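> Provide a 3D model corresponding to the input given below.
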Amino acid sequence: MPRTLIPTRFKLIPSAPTGASLQLQNPERHTFSVHPISPSIVRVVHELPNRFKQKTNGGIDWEAPCSDVKILANEEGTIRVETSKIVINVATDGCPRLQWFAKASDGTVDLAPFHSDSPSRAYAYDAQTGGVLHYTDRENHLPVSEDEFSTPDFIHEERNEFIYGLGETNGPLEKSQGRKFTLEGRDALSYGWEHGDPLYKVHPFYTVYNKSSKRWHGVFYCSLVDATIDLGAESDILFGCFRTYRANSGPLDYYILTGDGTLPSVLSEYASLVSPLTTPFTASPTLPPLSQFGYLSSSLSLAADPKAQEAIINFLRTSRREGFPVDGLYLSSGWCQDEITDDRNYFAWNRVRYPTPAVFGHTVETELEVRVIVNMKPWLLEAHPFIESAEASSKAGSKWWGDAIKEYVMANGLTGMWIDNNEMAGMVDDDELLRGEMGMWNAVGTANNVERRMGWRGGKTTVGAVGKALQTIGMARATYEAVISADPTTRPVIVSRSGVPGIQAFAHATWSGDNSTTWKALNRGTAMTLSVGMSFGPGLYGHDIGGKHHPSPELLVRWCQNGAWHSRFTVHSWKEISTTLWMYNDVPGISQILRDVLAWRYRLAPTFYSLYVTHYHQKGWPLLKPLLWHHSDDPRTLKLDEEFIFGTHALVAPVTVKGAITRDLYLPAIANDGERGLQWCELDTGKWHQGEGAIKTFDVPLARTLVLVRGGGILVLGGACTKNIYDGVNERTALIFPTSNSQPGSTGHFTLVEDDGRTNSTARTQLELSFAVVDVKGVEVVQVDYQLACAEFELPFDTIWWELPSGDGRNLVGAAGKEVHRDSEGRFGLKL
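The predicted model follows:
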């Protein structure tokens, strides 16, 4: 049974030269540290006495301290820790309690804390097991209105605290009302979309928004041991209103991040903590190839066909013949399934289904130009014909895994790796030994900062002390090292089903696992996507379109319309006949709708890729953002999670209800950048709507995806694609959405990023596209322009074409010094 104790009687002790800025200790040898590492990021650690097994071998590896930190102690038992952005009051009479206050640039300190530990027991621990707890204050949970908890999206004016994050979770995007989450990975087949928990990934990071102060801050628990986080499910009036983090072993190690008080800045700070490249920051050492923004096909039954090699090649050719370009194929586990036992012996090819793997690889990857993404799992059976070891923290295990990838996959011309079933939930013995010969986050060629922060300083340890999810990141690191060493010039394709902080450095892509073929899965998938994005999950994220089984024609169309705006577009099915985009050729109109949906996604590739580079790769921001990202000043947006902002201006409202032919959509009137009186333009019709902070109803027949672009938006399109995504690289068209002169949205800009999309070359060209509504002799015209920010990559096109919304009769003009070009169809372009 747990034996929860509360440590007290802490005294200030001298800090070591490489230790924390502030350290306290009590007679039982509990050590409590507060360590600002920047003016807006502070690390707090509660280390238990040595008799308890802790995560680290040799104590905390502290970062360099913040240069402007000040520490002042008074006689009342309170210590003040201060930076240029934060003031922390540390109460030491009893169990330590921290209260956090924002500090303005003029030195003014807020009167109310933005974050507080609970009084009396904030840093309790389990004296039986060495588990650690952290209790923090939360907003009063008692109802303030009879409409609370029953009226959808209702927000009372007295409610100020809103919580987001924790990665891939179910239920609403906003999590402050009575939710509790398990921070462990599970193989959660066909999970529940409202209360299913835990799921596949572990992301112990969340953000808090205060509606009154309009401030954001983040909380990151720097541990992967089995844990729970309770955001308000538990109530106990004896201790007031609280949130609880509980981990099975210590130390308690967390960061508070404040940025400049905005959500984008907080998320960028978190991304910098869990990414190995920080000067300048990038999410990963490499970018994904452009092909991973195309259609990625997948089917378990196809890979297990008795003549799978032939069937897959025919499938890909059929896809293109039916009018669906294709860039990738997920090769399910049938490639290594034993003919007699049905065992899946990874890296051992089934030579009946795949008689010539090298020919298969050449045909698909070289001739058809489709990246094959090969399924591989960490669970190697005792009967495996050549198993040695796959323990990721051991040198032998990492080498065996990497050698197998190079010898049995890459040597056959197959270049994509699909790490599946890697939640490690089967590691049930907490005393199982890990060798600790290798770090988990520090791949060859990357920095050591994440390993120092989240690792255990090497040496032997146990699963229970560091968490089984360490094997998830170690497997991704070993895969990345194998792929990049075998082919250092080509961008790697690595996909991981499970995930932990930092996995994006090695695996660009992930998905929501084995979802069900239900309208509920489609409806709630958007909230999950947004939650992953607000937690800095991998930048290529989506859901298996269609689910595990066969969707109806309507469900397939609506799911593809939603997925077409996600950063990862994959159609998958399980143990039946494959779900294909042409499976309903016999239903009038369905296949043509799907062709149009996919054609639009392919044309949108330049926008997808540019946003990936400038938002995700360089800042840690998601491509798909909740409405609150740009509009949290409007409280109505704080709980909206069935629509999303693509990039900065495109509001996408997918239809996720069976039989729906209308769609209600809330149009904000204000934005966080100060714009008021926003206007929104229907993408497909050109009709404008005034944002009034109210719900409007739109017609959404089956062929329509409802998208409205805020005034000032730009979407850049490529050329039409028939084979794969590289067909469209020779053409660029900027769709611009200007309002009238002097109104919000009368100017706009977009950063277009161009490179070869295939190799790890850093040669890149960046174009800053812009427009402005100007008055020429009393007539409004739209002036368009571009600037070359850098020009390292030779562009495959020489003109940027510009288009106004349908029905906009204003003239386009080029900026001074730019050469205007018109083609035979009358299109307006600027020569480069």
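> ok, and what's touching stretch 597-611?
Residues outside stretch 597-611 that contact it (C-beta atoms under 8 Å, 6 or more residues apart in numbering): 290, 293-295, 324-325, 557, 560-561, 564-565, 567, 569, 581, 623, 646-647, 705, 715-721, 725, 727-728, 732, 750-754, 757. Yep, even glycine has a C-beta here, placed from its N, CA and C like the rest.
> spatially central residue in the chain, please.
For the chain, G537 is the residue whose C-alpha lies nearest the centre (C-alpha atoms, centre = their mean; 2.8 Å).
> look up how far E82 lies from Q592.
Distance, Q592 to E82, by C-beta to C-beta, to the nearest Å: 64 Å.
> okay, these two: which has more neighbours?
E82 (20 against 12; other C-beta atoms under 10 Å).
> is the more buried one in a bridge, and if so with what?
Judged by DSSP bridges, the bridge partners of E82 are K70, V87.
> residues in contact with T136?
So T136 contacts H115, S116, D117, S118, A122, V219, F242, R243, Y245 (C-beta under 8 Å, 6+ apart).
> list the beta-bridge partners for the third one.
What that stands for is D117. Where D117 sits in a bridge, its partners, by DSSP bridges, are T136.
> let's number from 33 now, not from 1
I'll keep to 33 as the first residue from here, and by that count the last item is D149.
> that one contacts P128, doesn't it?
Yes - applying C-beta atoms under 8 Å, one finds D149 in contact with P128, separated by 7.5 Å.
> quick one: common contacting residues for these two?
With C-beta under 8 Å, 6+ apart, D149 and P128 have common neighbours Y155.
> how distant is stretch 293-306 from the center of its chain?
Its chain's C-alpha centre and that of stretch 293-306 lie 13 Å apart, by C-alpha atoms, centre = their mean, to the nearest Å.
> what do you get for stretch 71-90?
The answer for stretch 71-90 is 27 Å, by C-alpha atoms, centre = their mean.
> give the buried residues for that stretch.
71-80, 84-88 (16 or more other C-beta atoms under 10 Å).
> and which of those is nearest to G264?
V76 (21.7 Å; C-beta to C-beta).
> backbone dihedrals for that closest one, please?
phi -130, psi 130 (degrees, to the nearest 10).
> who touches it in this structure?
F64, S65, V66, H67, L130, L284, D285, Y286, Y287, I288.
> how many other residues sit next to the second one?
Read it as S65. By other C-beta under 10 Å, neighbour count at S65 equals 22.
> what about stretch 822-841, how long is it end to end?
Stretch 822-841 stretches 33 Å from its first residue to its last (C-alpha to C-alpha, to the nearest Å).
> next one: stretch 189-204
End-to-end distance (C-alpha to C-alpha), stretch 189-204: 20 Å.
> what is the least confident helix or strand in the protein?
When each helix and strand of the chain is scored by mean pLDDT, DSSP states H and E, strand 309-310 comes last, with a mean of 80.
> following element in sequence after it, please.
strand 313-314 (DSSP states H and E).
> for that following strand, give me every contacting residue.
By C-beta under 8 Å, 6+ apart, strand 313-314 touches S300, A303, S304, S307, H649, Q650, K651, G652.
> just checking, what packs against the host helix or strand of the third one?
Spelled out, that is S304. Using DSSP H and E, S304 maps to helix 295-305. For helix 295-305, the packing partners by 3 or more C-beta pairs under 8 Å, 6 or more residues apart in numbering; DSSP states H and E come out as strand 237-242, strand 247-253, strand 284-289, strand 313-314, helix 650-651, helix 660-663.
> most tightly packed of these?
helix 660-663 (a mean of 26; mean count of other C-beta atoms under 10 Å).
> the helix or strand that that one is followed by - what's its average pLDDT?
Next along the chain after helix 660-663, taking DSSP H and E as the criterion, comes strand 676-678. What strand 676-678 shows for mean pLDDT is 98.
> and what of stretch 336-344?
96.
> buried stuff in that stretch?
Buried residues in stretch 336-344, counted by 16+ other C-beta under 10 Å: A336, D337, A340, Q341, A343, I344.
> and what of stretch 737-756?
737-751, 753, 756.
> nearest to T395 among the contacts of V76?
Among these, and counting by C-beta to C-beta, the member closest to T395 is Y287, at 49.4 Å.
> mind listing the residues bridging to the closest one?
Beta-bridge partners of Y287, as defined by DSSP bridges: R75, F252.
> go ahead and confirm it touches L305.
Yes - the pair Y287 / L305 is scored as a contact, 6.5 Å apart, by C-beta under 8 Å.
> now the strands for the stretch 83-232 of the chain?
All strands of the stretch 83-232 of the chain, identified by DSSP state E, counting those that start in this stretch, fall at 102-105, 110-114, 118-123, 129-134, 147-148, 157-158, 164-169, 193-197, 212-215.
> next one: the stretch 283-432 of the chain
Assigned strands in the stretch 283-432 of the chain, in chain order: 284-289, 309-310, 313-314, 327-331, 360-363, 403-408 (criterion: DSSP E, counting those that start in this stretch).
> the stretch 433-582 of the chain now?
Under DSSP E, counting those that start in this stretch, the stretch 433-582 of the chain gives strands at 448-451, 465-466, 493-494, 525-528, 541-543, 572-574, 576-577.
> single out the most deeply packed of these.
Ranked by average neighbour count under the criterion mean count of other C-beta under 10 Å, the strands of the stretch 433-582 of the chain are headed by strand 576-577 at a mean of 28.
> that one pairs with which strands?
Short version: by DSSP bridges, strand 576-577 pairs with strand 601-603 (parallel).
> next secondary structure after the partner strand?
helix 622-635.
> beyond that next one, next helix or strand please.
Where DSSP H and E defines the elements, the next helix or strand beyond helix 622-635 is helix 637-643.
> distance from the chain centre to that next one, please.
On C-alpha atoms, centre = their mean, the centre of helix 637-643 falls 16 Å from that of its chain.
> do stretch 766-780 as well
Centre-to-centre, stretch 766-780 and its host chain are 30 Å apart (C-alpha atoms, centre = their mean).
> give me the buried positions along it.
In stretch 766-780, counting by 16+ other C-beta under 10 Å, buried: A766, L767, I768, F769, P770, T771, P776, G777, S778, T779, G780.
> now the terminal residues of that stretch, how far apart.
Using C-alpha to C-alpha, one end of stretch 766-780 lies 11 Å from the other.
> stretch 251-261 too?
OK, stretch 251-261 end separation, C-alpha to C-alpha: 12 Å.
> ok so, going back, show me what contacts the residue nearest to the centre of the chain?
If a contact means C-beta under 8 Å, 6+ apart, then G569 has G199, E200, K233, H235, G531, Q536, T542 as its contacts.
> what does stretch 97-110 contact?
44, 52-54, 67-71, 111-116, 121-125.
> number of nearby residues for L299?
By other C-beta under 10 Å, 26 other residues sit near L299.
> ah, wrong one, I meant F347
18.
> just give me the neighbour total for the residue lying closest to it once chain neighbours are set aside.
With sequence-adjacent residues excluded and distances taken as C-beta to C-beta, 6 or more residues apart in numbering, F347 is closest to L334, at 6.0 Å. L334 has 22 neighbours, counted by other C-beta under 10 Å.
> these two touch, right, L334 and S364?
Yes - here L334 reaches S364: they are 7.3 Å apart, a contact under C-beta under 8 Å.
> can you show me the helices along this structure?
295-305, 332-335, 340-353, 389-393, 427-436, 481-486, 495-498, 502-518, 551-565, 585-595, 622-635, 637-643, 650-651, 660-663 (DSSP state H).
> kindly reformat those as TSV containing distance to V805.
Converted to TSV, these look like this (distance: least, C-beta to C-beta, whole Å):
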stretch	distance to V805
helix 295-305	27
helix 332-335	52
helix 340-353	42
helix 389-393	53
helix 427-436	56
helix 481-486	46
helix 495-498	58
helix 502-518	47
helix 551-565	32
helix 585-595	32
helix 622-635	26
helix 637-643	22
helix 650-651	29
helix 660-663	21
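> before we move on, back to that, what two of the buried residues of stretch 71-90 are the furthest from one another?
P71 and K85, at 34.7 Å, using C-beta to C-beta across the buried residues of stretch 71-90.
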